[in-house]
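> heads up, no residue letters with this:
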Ligand SMILES: Nc1ncnc2c1ncn2[C@@H]1O[C@H](COP(=O)(O)OP(=O)(O)O)[C@@H](O)[C@H]1O
Ligand SMILES: O=C(COP(=O)(O)O)[C@@H](O)CO
């Protein structure tokens, strides 16, 4: 149980305030996260780690000399937005470029990917290194989730940067570390989101969940509980069976506790793991046993191995000094607080005066946004329940957070703005504040739809509406790379757009065409219950998801239906 909170909705911000207070001698809070204030003998490539909250010490506890230069922090179990990543990236940059590194989750890859593009446009060379260590989450290495192997990859990146290597070399070091890292985890009990009554999932009494995730995703399979030494044997056998090509006999190891599994229990398991590794001819180099990547109060643990070569061993064993990870062979300089307290901001463009028709449409967009906020407030819990079956249960909260941010943003756009400016501002705020997969997709798609509208047009036609929703759909497809049938929001959006286009071409008035299309979207969302997810958080739990519709497809259909009421 996560017992202590003030307001569950501001848990991330509230805990961050305390964290920053505690480490004000060496860390500095910036919009979107934290950066290190430690002096660098010479400027280094900035390694910026990140992801949702709920995983401490990942990610903010790993910022400091020899490890990360900054951390981007999202809401609990929700990827931070692209603009939060840009903000931390700008603040951490020392003129040698930025490497964002994070676990392989849909929202993270999209948000950090967008951040690299935005920083590049500002002249900052930014790259991503994605961690894919979880052997239980997929057959194909590139589809695997990132779990406790975050630590080995981050550590290598930080040490390579501290050696003064250029961005190409640091990026290559991180990717190599990821290629050589493998993890398997188990869960004994589920975790509880702040304010929630029930854990996100439960492991049946007397069992463990094999192949757990770090967001309350249940294990892939529940198996009868094992004794500590049996669990150790299972870890070693399965992880070693996945040894990468070119693996030698020297390994870094992390025995990670997920939240409520205690250090003594971890040492107990480690004793057998270490002996079994030695029996197999391995030499373990500087093992880490403890809580390094957690999942709130989840019970469970994982074993990570990184097969070492000469470079990886030097980077793994190099000094680092962060709030939660300290490896010090020689004295390291303390923080100086030398960093400016002003977060560098992206340049802002002026909003032009729109024509009268554009301003009228903008007013209708504002009204619709307010109504959607009411809708999502009503539906938030229901959407969360649907998402909890095979996801992390946060879809309703994410969508509500997104629309509320969008609403606040559109209300601040000056009255002389046209609809495209208003929708663009709403989309940007939605993505920034909601984070996560749906946040980045909705935000980008709203911006894409906005770009099709001419704020100086004399009138808007049904064809203009069809072009806007087509751009909305294409943006989601381009960014998320999902296809119809993958059990995502596209499964209701694509039939909607196709039906609308046919009706508009046939000459139906927009309100009629929209109503027909949104009925089709509602029907299509319902039929996603027969699909197995092929992408996103729910993919590893494909079987559990059968019989439940996709949360994103359902919310899409609800929203499209409600928007239709504004066209009557
Ligand atoms: N690659 C993708 N493309 C399109 N939609 C996706 C993709 N991955 C996931 N989704 C949608 O996102 C929804 C989950 O959103 P949400 O719960 O807000 O994000 P997160 O999983 O990051 O917490 C899913 O129900 C699905 O409809
Ligand atoms: O929670 C995380 C992101 O998950 P998404 O599905 O990408 O929102 C991840 O950042 C680790 O917490």
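Looks like it arrived, so ask away. Bear in mind the structure is a predicted one, so any value in this text is a computation, not a measurement. Ligands and ions are numbered 1, 2, ... in the order given.

> list the contacts for residue 84?
Residues near residue 84 by CB atoms under 8 Å, 6 or more residues apart in numbering: 31-33, 72-74, 111, 432, 435. For glycine as for every other residue, the C-beta is placed from the backbone atoms N, C-alpha and C.

> Show me which pair in the residues you listed is furthest apart.
The largest distance within the contacts of residue 84, taken as CB to CB, falls between 31 and 111 and amounts to 14.5 Å.

> Between these two, point out the one with more neighbours.
residue 111 (35 against 15; other CB atoms under 10 Å).

> With the flanking residues excluded, which residue is spatially nearest to the more buried one?
residue 82 (4.5 Å; CB to CB, 6 or more residues apart in numbering).

> List, one by one, the residues from the stretch 301-450 of the chain near ligand 2.
Taking CB under 6 Å from any ligand atom as the measure of proximity, the stretch 301-450 of the chain contacts ligand 2 at 436-437.

> okay, and for the stretch 301-450 of the chain, where does confidence drop off?
Within the stretch 301-450 of the chain, the stretches with pLDDT under 70 are 330-348.

> Can you pull the residues of it lying near ligand 1?
Checking the stretch 301-450 of the chain against ligand 1 by CB under 6 Å from any ligand atom, the hits are 387, 391-392, 394-395, 398, 436-438, 441.

> Next: the stretch 101-250 of the chain.
Counting by CB under 6 Å from any ligand atom, the residues of the stretch 101-250 of the chain lying close to ligand 1 are 106-107.

> one more time with 8 Å
Where proximity means CB under 8 Å from any ligand atom, the interface of the stretch 101-250 of the chain facing ligand 1 comprises 105-107, 110, 215.

> tell me which element whichever residue of the stretch 101-250 of the chain sits closest to ligand 2 is part of?
Nearest to ligand 2 in the stretch 101-250 of the chain, going by CB to the nearest ligand atom, is residue 107, at a distance of 2.6 Å. When secondary structure is defined using DSSP states H and E, the element that contains residue 107 is helix 106-121.

> Sheet partners, orientation included, of the next helix or strand after that helix?
Secondary structure here is assigned by DSSP H and E; on that basis, the next helix or strand after helix 106-121 toward the C-terminus is strand 126-131. Strand 126-131 sits in its sheet next to strand 98-103 (parallel), going by DSSP bridges.

> Could you confirm whether the strand it pairs with reaches ligand 2?
Yes - looking at strand 98-103 against ligand 2 by CB under 8 Å from any ligand atom, the contacts come from 102-103.

> between that strand and helix 106-121, how many degrees?
Comparing the axes of strand 98-103 and helix 106-121 via axes from the mean of the first three to the mean of the last three CA atoms, to 10 degrees yields an angle of 180 degrees.

> got the contact list for residue 194?
Residue 194 is in contact with 2, 5, 8, 11, 76, counting by CB under 8 Å, 6+ apart.

> What is the nearest of the residues you listed to residue 116?
Distance ranking of the contacts of residue 194 against residue 116, using CB to CB, places residue 76 first at 24.6 Å.

> Count residues in the vicinity of that closest one, would you?
Applying other CB under 10 Å, I find that residue 76 has 22 neighbouring residues.

> now residue 241
There are 10 residues near residue 241, going by other CB under 10 Å.

> now residue 356
Residue 356 has 10 nearby residues by other CB under 10 Å.

> repeat for residue 507
Residue 507 has 9 neighbouring residues, counting by other CB under 10 Å.

> Could you look up the SS state of it?
The three-state label for residue 507, taken from DSSP: H, G, I helix; E, B strand; the rest coil, comes out as coil.

> Dead centre of this structure: give me the residue that sits there.
Here the mean C-alpha position of the chain is nearest to the C-alpha of residue 79 (CA atoms, centre = their mean), at a distance of 2.6 Å.

> before we move on, back to that, tell me the two of the residues of the stretch 101-250 of the chain next to ligand 1 that are most distant?
Within these (distances taken as CB to CB), the two that end up farthest apart are 110 and 215, at 16.3 Å.

> Surely residue 300 forms part of a strand?
Yes - secondary structure of residue 300 (three-state DSSP): part of a strand.
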